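> turn this into a model:
(2 chains)
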Amino acid sequence: MMESLPMAAWVLAIPALPAAAWLLLVLGGRRAAPAAPWLATSAAALSALAAWVVFLERPWEGIPGGIWEGPWSWGFFLSSGGDGIAGLRATLSLDAISGALLPMVGTVAFLVHLFSVRYMRTDPRPGPYFAGLALFTASMAGMLLVENLLFFFVFWELMGFCSWLLIGHDSLNPSSPRPEAARAARKAFLTTRVGDLALLLGMVVLWKGFGTLSFTELAAAGGSAGSPPWLLAGGGLLLLGAMGKSAQFPLHVWLPDAMEGPTPVSAMIHAATMVAAGVILLVRSAAFLPDEILLAASVVGALTAFFAGTVALVSADLKKVLAWSTISQLGFMTAAVGVGGPGAALFHLHTHGFFKAGLFLAAGSVILACHHRQDLGGLGGLRRRMPMTWVATLVCAAALSGLPWLSGFHSKEAILSLALDGAALGGLPALTACLLFVAAALTPVYMFRMVFLTFHGEARSTEAREASEDSWLVRLPLAVLTVLAVVSARFWLFPVEEAPASEHWAGVLGTTLALGGVILAGLLFLLPVLSPAAFARFFGPLTGLARERWKFDALYAATFPPLFRLGGRAVDGIDSRLVDGLAHGIGRMAEAGGSAFRKLHRGRIQTYALLTLAGLLLLSVTLLLQGEAG
Amino acid sequence: MSLVAYLVVAALLMVAGLAMVASRRSLIHVLIGLELVLNASALNFVAFDRYSGGGQEGQLAALFVIVVAAAEAALGLAIVLHAYSSKGSIRPDDFRSLGDS
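This next block holds a predicted model:
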């Protein structure tokens, strides 16, 4: 215990420092606002440093069970015995999963903070912004450092709250409030809420079934439980929760709209925090999820990866392309858990975190330089004016496309080979593998379409013609993330499942598809060899379908509001008929009684005297009888 | 003569007084009824005093009742006089302005 105390201090510092920064900023209010950017950024920097120290020390290795536990723990419901209810204990615990992911989370969060110092310089409300960012960082670190589903859920909800705050940040700008941002924040909050409710119910089912919510104990109990109906239900609810958080079909609608938030926030949500939570939940529960649920996860993930890729192909907005690509990549991760590769899913989450953060910060740099112009139609030719941004985008896009030697290649190949391995079973696994390969082929096309339309060709607006790259605060994060996008596969320590039979084929096929995609994008958007319009016509109605995001938003807009209105009317009916009726009925009864008794009050003194007499008589007789009885 | 005889007379007086209060058509008669009720209670006091042996508390209470009755009669007659001068009637049924409609 003595020698583990310094380690405990390092581990605790990871979530505690950003949390302390958040507390200071919230308590300080307006007075703390000028110090907010650097306070939050230095807290994030120290937190990232602590994460790297912990990563290099690896305290969980050599401990039986592979979980390092801090010297503190807090039992829920302490009254039921000194240590609280077993299975509901909060501990500071570190295992290979958290140890492997914390450096990525810390680094990306720190770089996002640093970038925000410049990006939000003119923002009138830096205090709330950086407070939200700090709490976001703290919640994500906290979520990785707990071993119990209940406390995992607490941090999960905190992240939902932070994303609501930050997506809607611009809606409260005093000089130019943007109601769209508030709407997007509400949409994100409510859509993920559907998943959160499912997760909460799933937790109840698991608690009923297993009597514990500790991930380790669940994994130990789940292996021998088979798949009774209640475990199917609980696992399905858990999967639904992860789908909501990780923006999987059909709960994906919130993520593209979340682009209304400031761009560094998008980097934070898409790379290091929020959407990662769903994947981490699936990975942590993969050990006790029944096979049917895993199969469902693989199909949902593959479908999402494919369909989000098609929408990314036709998006006209720089950030929207990135948003849809995130959904697509999250589909890869979900499918990876489904095909039996939680390690591969985490690996992809790790590499994706770096290059997606790089892409978003590069997009932020473009938006900053072009004065908030972000439609692909109005950009172009930025290559010479913004070389650092161009290089960063190019490298990160190549990594995302899975080109060889870059980090994304290794992680995506791991997923694809596992999927290919499963495809031999035929049926749904084969469909999953097919969809994943198609999605992998779509990735380079939409990524390089974005790169070519933004940085190559002619500048298509005055803003793009006059753009120039910003200070080191913008360039430094981009440079760091560019390097990490190349090398991040080298410092991954969690074991990745291997599929020796298909590894070779998946690598060859994946590389071919990626290169083919880049060439196709080049022919379409860089060299005027193929016409994009003719290409769009070739796919006919499919293009239209993709442009309308496969009509999901329209479908939800057409179904849910009327449904809710119907439900509301029913509840209103119950309220005004039954509840109000009951209350009014009681009132009316009192009124009727009153008017009945009014008839006695005619003002005749002698009647009153008689009544008094009768009352007196009654009283005396009663007392007399009672006296006799007693 | 036993206590019961006194009590019977007092009870008869009481009932007669109450019947007058409840039924007579003149406020003066109502007042007379009230006097009867008071005197019935005074008779009870004296009777109980006589038969409970020793002490003069009952007789004192009877004197007290007579004083209260005198005060009541004075007040009651004043009210009746005022009622007559304001309404020109002393029938109890003519005074119902506190009643409901």
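> near chain A, which residues of chain B show up?
B:18, B:21-23, B:30, B:92-93, B:95-100 (Cβ under 8 Å from any Cβ of the partner chain). Using the backbone N, CA and C atoms, a C-beta is placed for each residue, glycine as well.
> let's see it at 10 Å
B:15, B:18-19, B:21-25, B:27, B:30, B:33-34, B:92-93, B:95-101 (Cβ under 10 Å from any Cβ of the partner chain).
> show me what contacts the residue in chain B that chain A sits nearest to?
Residue of chain B nearest chain A, by Cβ to the nearest Cβ: residue B:99 (2.0 Å). Neighbouring residues of residue B:99 by Cβ atoms under 10 Å, 6 or more residues apart in numbering or on different chains: A:598, A:600, A:601, A:602, A:603, A:604, A:605, A:607, A:608.
> state the mean pLDDT of the strand or helix carrying residue B:71.
Following DSSP states H and E, the helix or strand that holds residue B:71 is helix B:57-87. Per-region confidence: helix B:57-87 scores 92 on mean pLDDT.
> follow-up on the earlier one: mind putting the contacts of residue B:99 into a markdown table with neighbour count and distance to chain B?
Below are the contacts of residue B:99 laid out as a markdown table (neighbours: other Cβ atoms under 10 Å in any protein chain shown; distance: Cβ to the nearest Cβ, whole Å):
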| residue | neighbour count | distance to chain B |
| --- | --- | --- |
| A:598 | 12 | 5 |
| A:600 | 12 | 9 |
| A:601 | 14 | 5 |
| A:602 | 14 | 5 |
| A:603 | 14 | 2 |
| A:604 | 16 | 6 |
| A:605 | 17 | 5 |
| A:607 | 17 | 8 |
| A:608 | 16 | 10 |
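> looking at those, which are in helices?
The helices, defined by DSSP state H, take in A:598, A:605, A:607, A:608 from these.
> closest one of these to residue B:73?
residue A:605 (17.7 Å; Cβ to Cβ).
> which ones are touching the closest residue in space to that closest one that isn't next to it in sequence?
Nearest residue to residue A:605, sequence neighbours excluded (Cβ to Cβ, 6 or more residues apart in numbering or on different chains): residue B:92, at 5.1 Å. By Cβ under 10 Å, 6+ apart, the contact set of residue B:92 is A:604-607, A:609, B:21-27, B:29-30, B:83.
> picking up where we left off before, max pairwise distance over the ones in helices among the contacts of residue B:99: which two?
Taking Cβ to Cβ, no two of these sit farther apart than A:598 and A:605, at 17.4 Å.
> span of stretch A:523-543 from start to end?
End-to-end distance of stretch A:523-543 (Cα to Cα, to the nearest Å): 19 Å.
> buried stuff in that stretch?
A:524, A:525, A:526, A:536, A:543 (16 or more other Cβ atoms under 10 Å in any protein chain shown).
> can I get the lowest-mean-pLDDT helix or strand in chain A as CSV, trimmed to CA atoms?
Within chain A, no helix or strand scores below strand A:68-75, which has a mean of 74 by mean pLDDT, DSSP states H and E. Extracted in CSV, the C-alpha atoms of strand A:68-75 (Å, rounded to 0.1, in the frame of the first residue of the first chain):
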residue,chain,number,x,y,z
TRP,A,68,-4.7,-2.2,-10.1
GLU,A,69,-6.9,-0.7,-7.4
GLY,A,70,-6.3,2.6,-5.6
PRO,A,71,-6.2,2.7,-1.8
TRP,A,72,-9.6,4.3,-1.7
SER,A,73,-13.0,2.8,-2.2
TRP,A,74,-16.5,4.0,-1.5
GLY,A,75,-19.3,1.7,-0.9
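> report the buried residues of the following helix or strand past that strand.
As assigned by DSSP H and E, the chain's next helix or strand after strand A:68-75 is strand A:89-94. Buried positions in strand A:89-94, judged by neighbour count with 16+ other Cβ under 10 Å: A:89, A:90, A:91, A:92, A:93, A:94.
> give me the helices and strands touching strand A:89-94, please.
helix A:4-28, strand A:68-75, helix A:126-144, helix A:149-167 (3 or more Cβ pairs under 10 Å, 6 or more residues apart in numbering or on different chains; DSSP states H and E).
> please identify the most buried of these.
Comparing these by mean neighbour count (mean count of other Cβ atoms under 10 Å in any protein chain shown), helix A:126-144 ranks first with a mean of 27.
> what's the average pLDDT for it?
Averaged across helix A:126-144, pLDDT comes to 92.
> that one vs helix A:4-28, what angle?
Relative orientation of helix A:126-144 versus helix A:4-28 (axes from the mean of the first three to the mean of the last three Cα atoms, to 10 degrees): 150 degrees.
> which other helices and strands contact helix A:126-144?
Helix A:126-144 is packed against helix A:4-28, helix A:36-57, strand A:89-94, helix A:96-119, helix A:149-167, helix A:263-267, helix A:275-285, with contacts defined by 3+ Cβ pairs under 10 Å, 6+ apart.
> a markdown table for these, including distance to residue B:52?
Formatted as a markdown table, the helices and strands packed on helix A:126-144 follow (distance: least, Cβ to Cβ, whole Å):
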| stretch | distance to residue B:52 |
| --- | --- |
| helix A:4-28 | 83 |
| helix A:36-57 | 94 |
| strand A:89-94 | 81 |
| helix A:96-119 | 96 |
| helix A:149-167 | 81 |
| helix A:263-267 | 98 |
| helix A:275-285 | 92 |
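> could you dump these into CSV and include mean pLDDT and distance to residue B:3?
Putting the helices and strands packed on helix A:126-144 into CSV (pLDDT from 0 to 100; distance: least, Cβ to Cβ, whole Å) gives the following:
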stretch, mean pLDDT, distance to residue B:3
helix A:4-28, 87, 88
helix A:36-57, 91, 98
strand A:89-94, 81, 85
helix A:96-119, 91, 100
helix A:149-167, 91, 84
helix A:263-267, 90, 101
helix A:275-285, 91, 95
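> for residue A:249, which of those is the nearest?
Shortest distance between residue A:249 and the helices and strands packed on helix A:126-144, using Cβ to Cβ, is found for helix A:275-285: 12.6 Å.
> what's downstream of that closest one, the next helix or strand?
Following helix A:275-285 in sequence, per DSSP H and E, is helix A:291-314.
> report the buried residues of that next one.
Result for helix A:291-314 [16+ other Cβ under 10 Å]: buried residues A:293-314.
> likewise for stretch A:433-451?
For stretch A:433-451, a neighbour-count test (16+ other Cβ under 10 Å) marks A:433, A:435-451 as buried.
> what about the residues you listed, which are in strands?
Using DSSP state E, the subset of the buried residues of stretch A:433-451 located in strands is empty.
> can you tell me which two in the contacts of residue B:99 are farthest apart?
A:598 and A:605 (17.4 Å).
> how close does the residue lying closest to residue A:531 once chain neighbours are set aside get to residue A:250?
The shortest distance from residue A:531 to any non-neighbouring residue, by Cβ to Cβ, 6+ apart, is to residue A:524 (7.9 Å). Distance of residue A:524 to residue A:250, computed by Cβ to Cβ, to the nearest Å: 30 Å.
> same check on residue A:47?
The span separating residue A:47 from residue A:250 equals 35 Å under the rule Cβ to Cβ.
> check residue A:295 too.
Per Cβ to Cβ, residue A:295 is found 17 Å from residue A:250.
> likewise for residue B:21?
86 Å.
> more crowded one of these two?
residue B:21 (23 against 16; other Cβ atoms under 10 Å in any protein chain shown).
> wait, that one sits on residue A:607?
No. With contact defined as Cβ atoms under 10 Å, residue B:21 does not count as touching residue A:607 (11.5 Å).
> show me the contacts for the residue most central in space within chain B.
With distances taken as Cα atoms, centre = their mean, residue B:34 lies nearest the centre of chain B, 2.4 Å away. Applying Cβ under 10 Å, 6+ apart to residue B:34 gives the contacts A:609, B:17, B:18, B:20, B:21, B:69, B:72, B:73, B:76.
> buried subset of those residues?
A:609, B:17, B:18, B:20, B:21, B:69, B:76.
> just curious, which of the residues you listed is nearest to residue A:146?
Of all these, residue A:146 sits closest to residue A:609, with 80.6 Å by Cβ to Cβ.
> name the nearest residue to residue A:481, ignoring sequence neighbours.
residue A:358 (3.4 Å).
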